[in-house]
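Peer 1: Okay, predicted coordinates and the sequence, questions at the end:
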Amino acid sequence: MKKNNRIDQIRNIGIIAHIDAGKTTVTERILYYTGRSYKMGEVHDGEAVMDWMPDEQERGITITSAVTTCQWKGNEIHIIDTPGHVDFTIEVERSLRVLDGAIGIFSAVEGVEPQSETVWRQADKYRVPKIAFINKLDRIGADFFETIEMMKERLRASPLVLQLPVGSEESFSGIIDLIDMKQIIWDDDTLGATYSIENISREYQEKAEEYHEKLIEKVAEIDDGIMEAYFSEAPIPTESILNAIRRATIDLKLVPILCGSALKNKGIQPLLDAIVRFLPSPHDIPPIKGTNPETGEKIVCRAKITEPLAALIFKVSMMEGRKLSFLRVYSGKMHAGEEVYNPSLRKKEKISRILNMHANKRERIDETSAGHIVGVVGLKESSTGETLCSSDYPVLLEKIEFYEPVISVAVEPKTHADQEKFDEVIEKFLAEDPTLKVKTDEDTGQTILSGMGELHLEVIISRMKREFNTNVNVGKPQVVYRETIENEVEASATFDKEVSGQHHNAGVRLKLKPLPRGTGIKFISAVTEETIPEIFISAIEKGVLESLESGVLMGYPVIDVEAVLTGGTYRDSLSTELAYKVSASMACKEALLKGGSYLLDPVMDVEVIVPESFMGDVIGDLSARNGKIEAIKPQMGTQVIKARVPLAKMFGYSTSLRSATQGRGTFTMRFSHFDRI
């Protein structure tokens, strides 16, 4: 496919929506009508081009964002089809970071769904211009106008209705174009590839005129030229209306609303026209800013081929065992075989191949330039969120923010053969997915895999088995408690034994005192050189600290205790380091038994973001989990609840929160402190 080097004819767009709103089905139709694919793949048949992973085909959902490129009326459109499930929200986040525009897909039956709100807010955060496509108008219960009302209420959007549906539910057959005031009816025999443009039917004429008037009024509100023509009742050229809508869309003042049924092949060609007409090219958006890594001065990276190179890696994928990096080129150009500079690593990397992407298929190209989204092979160390530039003109673009994982499972290889592959496989997943975290719990020896939700971790484990033939046992990680004492207590012990032919004798007296939470462990010697020689104090301290590594209740580490050496016995030639170490350990265990030991629970700082209508249920659930509400604050139409909750009570919370809030609640948590159970 020939690359388009005219930047004003490039569109970088993402398709965003709640799960099952029809994102991938819309993308499949776009690829078919633009001639990029010769047949339509259906999600329900597991044949969608963009859902190429086996897990995606089996589950019928998008898991990883897929990139493709197509041509429409002389314009080159780069499309990223993003996941709709909240567990894979990072895929949406990093895609929106590099996109110039987005299409929000809404089901006319369900309206604005929970994840639609999340992705819409993400797009607002990056100031991405949007158009909306109300899908599934052929379905029973479809309500075009109710969906628009939900957009106003939940998304705080300013919708501009450009189309009306012809018929509803089973009788849905086409759309009315409110700009040209024509009716478009699709031909079912050609899979929607052909359609007829007709005059508006008499039954829809009055409604069409009403909404055409509303359209002009709304555009006039934000465009002085159209306002003037409207009040003077002068004719308004269609071109002027289109230009005004384009400016208002790019300035985030309006959201053009289109409609159709992707599954029934209706409404896609006008959607493609709207992408080209209303969404920005790289020239239409403010140039991205970076900083000079040496001086810290601001650098503006303009979307021009003649500017120095600036590109951002927004995704890394392991395809057929090779590392494939996805780039958005913001300025300059890049050739296959050349060296580029990574200012984060202060290293040069070689671009061995540049690829035009079509889901998991690739087409080699010799060069790429400002405005394009491509895949590159050859980067060994560069990772997601890092910048590639020219070493003569270094620039550091703003990194992508990643979410902290909220749920963990323990994994262990099943066999010795699996063990050999396990570390390598984990390393590949970590390179691909910045929201995946792995650590070895020193207390239990388990490998702990942390991610964004149960489905996220389920898919990772499925891919381990399917793609890398690595089998693992999976279980819940153990909550690692701590132990401490309630009372100040003294204990003494004497070690008097012959070991390996040598007699060892020493006595130690200790006092253990409880300390405030978070203080840790302290050791103090309060004895004189005459009582116990200085040379043996370090052995006594070592014996105490080793003893405190395992408490007397359930064997968990002891914290927040002060151990004071108050006395002991010394016998010349018989007292040894071993004797003092063992007697200190024995005295410490004795003191723990007498000191009223109790367990400490790890307590988490939890932040829950929910719509106000669900706040009562969420607070009730947190209280039932022994949570303590610290603060409640309003934030962009939602409520932020800050609480402290024992970690043991947080297992399964991700699922409970989604159930209680219809999937509209999100949460993050991090360790706060240990506290008494």
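Peer 2: Structure received. Note that the structure is a prediction, hence the values are computed from the model and not measured.
Peer 1: rest of the way, CA atoms for contacts and neighbours
Peer 2: OK.
Peer 1: Residue 438 contacts residue 448, correct?
Peer 2: Yes. Counting by Cα atoms under 8 Å, residue 438 does reach residue 448; the two are 5.7 Å apart.
Peer 1: Mind checking which of the two has more residues around it?
Peer 2: The neighbour count for residue 438 versus residue 448, taken as other Cα atoms under 10 Å, is higher for residue 448 (22 against 17).
Peer 1: where's the more buried one, which helix or strand?
Peer 2: Under DSSP states H and E, the secondary-structure element containing residue 448 is strand 447-451.
Peer 1: and if you look at residue 213?
Peer 2: Assigned by DSSP H and E, residue 213 belongs to helix 202-222.
Peer 1: in that helix, what counts as buried?
Peer 2: 208, 211-212, 215-220, 222 (16 or more other Cα atoms under 10 Å).
Peer 1: can you redo these as CSV with pLDDT and distance to residue 472?
Peer 2: Formatted as CSV, the buried residues of helix 202-222 follow (pLDDT from 0 to 100; distance: Cα to Cα, whole Å):
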residue, pLDDT, distance to residue 472
208, 95, 60
211, 95, 59
212, 95, 61
215, 95, 58
216, 93, 61
217, 93, 62
218, 94, 58
219, 94, 59
220, 93, 62
222, 90, 59
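Peer 1: any idea which of the residues you listed is the one closest to residue 586?
Peer 2: Taking Cα to Cα as the measure, residue 586 lies nearest residue 222 of these, at 81.5 Å.
Peer 1: okay but that closest one is in contact with residue 248, surely?
Peer 2: Yes. Counting by Cα under 8 Å, residue 248 is a contact partner of residue 222 at 7.2 Å.
Peer 1: returning to what we had before: would you turn the buried residues of helix 202-222 into CSV with distance to residue 458?
Peer 2: Shown next, in CSV, are the buried residues of helix 202-222 (distance: Cα to Cα, whole Å):
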residue, distance to residue 458
208, 49
211, 48
212, 49
215, 47
216, 50
217, 51
218, 47
219, 48
220, 51
222, 48
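Peer 1: Tell me which residue of the chain is furthest from the middle?
Peer 2: For the chain, the residue at maximal distance from the C-alpha centroid (Cα atoms, centre = their mean) is residue 572, at 66.2 Å.
Peer 1: contacting residues for it?
Peer 2: By Cα atoms under 8 Å, 6 or more residues apart in numbering, no residues touch residue 572.
Peer 1: And the nearest residue to residue 130 once chain neighbours are set aside, how close does it get to residue 246?
Peer 2: Nearest residue to residue 130 in three dimensions, chain neighbours excluded: residue 102, at 4.8 Å (Cα to Cα, 6 or more residues apart in numbering). As judged by Cα to Cα, to the nearest Å, residue 102 and residue 246 stand 14 Å apart.
Peer 1: Which residues are in contact with each of those two?
Peer 2: Taking Cα under 8 Å, 6+ apart as the criterion, residue 102 and residue 246 both touch residue 279.
Peer 1: in this structure, which strand has the most residues?
Peer 2: If you go by DSSP state E, the chain has its longest strand at strand 597-611.
Peer 1: So which elements touch it?
Peer 2: On a contact count with 3 or more Cα pairs under 8 Å, 6 or more residues apart in numbering; DSSP states H and E, strand 597-611 meets strand 482-485, strand 638-646, strand 666-676.
Peer 1: let's go with 10 Å and repeat that
Peer 2: Judged by 3 or more Cα pairs under 10 Å, 6 or more residues apart in numbering; DSSP states H and E, the packing partners of strand 597-611 are strand 482-485, helix 615-624, strand 628-635, strand 638-646, strand 666-676.
Peer 1: Out of these, which gets nearest to residue 77?
Peer 2: Proximity to residue 77, assessed across those by Cα to Cα, is greatest for strand 666-676 (32.7 Å).
Peer 1: What mean pLDDT does the closest one get?
Peer 2: In this model, strand 666-676 has a mean pLDDT of 78.
Peer 1: what is the orientation angle of it with strand 638-646?
Peer 2: Here the directions of strand 666-676 and strand 638-646 differ by 30 degrees (axes from the mean of the first three to the mean of the last three Cα atoms, to 10 degrees).
Peer 1: mind listing what's buried in strand 666-676?
Peer 2: Neighbour-count burial for strand 666-676, counted by 16+ other Cα under 10 Å, picks out 666-669, 672, 674-675.
Peer 1: ok, residue 177 touching residue 212?
Peer 2: Yes. With contact defined as Cα atoms under 10 Å, residue 177 reaches residue 212; the gap is 9.0 Å.
Peer 1: which residues do those two both contact?
Peer 2: With contacts defined as Cα atoms under 10 Å, 6 or more residues apart in numbering, the residues shared by residue 177 and residue 212 are 161-163.
Peer 1: List just the nearest of the residues you listed to residue 353.
Peer 2: Nearest to residue 353 among the shared contacts of residue 177 and residue 212: residue 162, at 42.7 Å, using Cα to Cα.
Peer 1: From residue 104, how far out is the closest one?
Peer 2: Residue 162 is 15 Å from residue 104, by Cα to Cα.
Peer 1: centre of the chain versus the longest strand of the chain, how much separation?
Peer 2: 23 Å (Cα atoms, centre = their mean, to the nearest Å).
Peer 1: try stretch 216-223
Peer 2: Taking Cα atoms, centre = their mean, one finds stretch 216-223 lying 37 Å from the centre of the chain it belongs to.
Peer 1: now what about it, what contacts it?
Peer 2: 158-161, 178-179, 211-212, 214, 225-231, 236, 240-245, 247-248, 253-254.
Peer 1: run the last query once more with 6 Å
Peer 2: 226-227 (Cα atoms under 6 Å, 6 or more residues apart in numbering).
Peer 1: can you dump the C-alpha coordinates of it into CSV?
Peer 2: Extracted in CSV, the C-alpha atoms of stretch 216-223 (Å, rounded to 0.1, in the frame of the first residue of the first chain):
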residue,chain,number,x,y,z
ILE,A,216,-27.6,25.1,12.1
GLU,A,217,-28.5,26.8,15.4
LYS,A,218,-25.9,24.9,17.4
VAL,A,219,-23.1,25.5,14.8
ALA,A,220,-24.1,29.2,14.7
GLU,A,221,-23.5,29.4,18.5
ILE,A,222,-19.8,28.7,18.0
ASP,A,223,-19.2,30.2,14.6
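Peer 1: and the closest residue to residue 310 other than its chain neighbours, bridged to which residues?
Peer 2: Using Cα to Cα, 6+ apart and skipping the chain neighbours, the partner closest in space to residue 310 is residue 389 (4.7 Å). Residue 389 has the following beta-bridge partners by DSSP bridges: residue 310, residue 341.
Peer 1: where's residue 389 relative to residue 396, distance?
Peer 2: From residue 389 across to residue 396, the span is 8 Å (Cα to Cα).
Peer 1: on that earlier part again, the residue nearest to residue 310 and residue 308 touch, don't they?
Peer 2: No. Residue 389 sits out of contact with residue 308 when judged by Cα atoms under 6 Å, with a separation of 7.5 Å.
Peer 1: And the helices in the stretch 451-600 of the chain?
Peer 2: All helices of the stretch 451-600 of the chain, identified by DSSP state H, counting those that start in this stretch, fall at 454-468, 537-548, 577-594.
Peer 1: ok, now the stretch 301-450 of the chain?
Peer 2: Using DSSP H, counting those that start in this stretch, helices in the stretch 301-450 of the chain cover 416-432.
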